[in-house]
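Student: Structural data only, the sequence is not supplied:
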């Protein structure tokens, strides 16, 4: 996966994270380590190179009741949305 594809994944994750009161709340709700979410957020801001794991994607899918195809469909559908993340 190239940087653009990874960024589209991060953009979608940051978009859905906005529905939570904090990054920690999002991470806890999705059975993720808070550091994993921070890595995603830094990669989304293009401050860091980060390769998201398939395990992380599957954890998000399980929490949102999505299968992997639906997840990537949502990523594709939201890839051009200019997300503004509310900082914790």
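Tutor: Received the coordinates, thanks. From a predicted model like this one, the values you see are computed outputs, not experimental measurements. Numbering: from 1, shown residues only.
Student: Contacts for the lengthiest helix in the chain, please.
Tutor: If you go by DSSP state H, the chain has its longest helix at helix 3-17. Here helix 3-17 makes contact (CB atoms under 8 Å, 6 or more residues apart in numbering) with 23, 26, 37, 40-41, 43-44, 46, 50-52, 57, 60, 64, 74-76, 78-79, 81, 83, 85. For the C-beta atoms, the positions are set from N, CA and C on the backbone; glycine is no exception.
Student: Now do the strands in the protein.
Tutor: Using DSSP state E, no strands are found in the chain.
Student: Poorly predicted segments of it, please.
Tutor: Applying pLDDT under 70 to the chain flags residues 1-3, 88.
Student: So which bits of the longest helix of the chain are buried?
Tutor: 6, 8-17 (16 or more other CB atoms under 10 Å).
Student: among the contacts of helix 3-17, which ones are buried?
Tutor: The neighbour-count test (16+ other CB under 10 Å) applied to the contacts of helix 3-17 identifies 23, 26, 37, 40-41, 43-44, 50, 52, 57, 60, 74-75 as buried.
Student: Which one of these is nearest to residue 68?
Tutor: Set against residue 68, the nearest of the buried ones among the contacts of helix 3-17 by CB to CB is residue 57 (7.1 Å).
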